[in-house]
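Participant: A structural model of the following input is requested.
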Amino acid sequence: MLTIFTIFLNIVSSVHFFPIMLAGIIFLALKKCVKNSYYYSAVTLIIGFLFIEYNNGFIPFSLTLLSFFIYIFVIPYLTRVISLHNLNSYIYIITFYLGMLILWSFTNGFSFYLLKNIFINILIDFIIFG
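Facilitator: Numbers count the residues shown, from 1 in each chain. Below is the predicted model of the structure:
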């Protein structure tokens, strides 16, 4: 249901503003699916990432690879360094969006409009998640 809602929201919002809404929430759901070995659910979330990538001009599976990179390499480091158990999910969302910002900067260039939209989408994900 989350994937269908995200796909619909990103298709509709691509007309008005930068459509990466709920990518952080999908990242957290994908992290939980991989951690608990729910691979069929993970496939539907990867399809949701594909729609987000298609709307934004990313290379296919780039957000999925970014998610797995963050899950395998960055999250163990963050959990070792930061011991705030209640804020870890928020830090993971920020880390994912920073990775997305770097990925977008490599492919399309950096702009303050992009930074503003990333910040707005982080706030939206925080409100929905929290």
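
Participant: Now for residue 115, how many residues are close by?
Facilitator: When neighbours are counted by other CB atoms under 10 Å, residue 115 registers 13. In short, each C-beta sits where N, CA and C put it, glycine included.

Participant: which one is it nearest to, not counting chain neighbours?
Facilitator: residue 101 (7.2 Å; CB to CB, 6 or more residues apart in numbering).

Participant: I'd like the next helix or strand past the one helix or strand that neighbour maps to.
Facilitator: Here residue 101 is covered by helix 88-108, with elements defined by DSSP states H and E. The helix or strand immediately downstream of helix 88-108 is helix 112-129, counting by DSSP H and E.

Participant: So for that following helix, mean pLDDT?
Facilitator: Mean per-residue pLDDT for helix 112-129: 87.

Participant: What residues of that helix count as buried?
Facilitator: 114, 117-118, 121-122, 125 (16 or more other CB atoms under 10 Å).

Participant: what bits of this structure have low per-residue confidence?
Facilitator: Along the chain, the parts satisfying pLDDT under 70 run over 13-19.

Participant: Kindly recompute the last result at 90.
Facilitator: Flagging of the chain using pLDDT under 90 yields the residue ranges 1-23, 48, 51-59, 78-89, 103-118, 120-121, 124-125, 127-130.

Participant: Burial check on residue 74, number of neighbours?
Facilitator: For residue 74, using other CB under 10 Å, the count is 17.

Participant: Okay, it and residue 101: tell me how far apart.
Facilitator: 14 Å (CB to CB, to the nearest Å).
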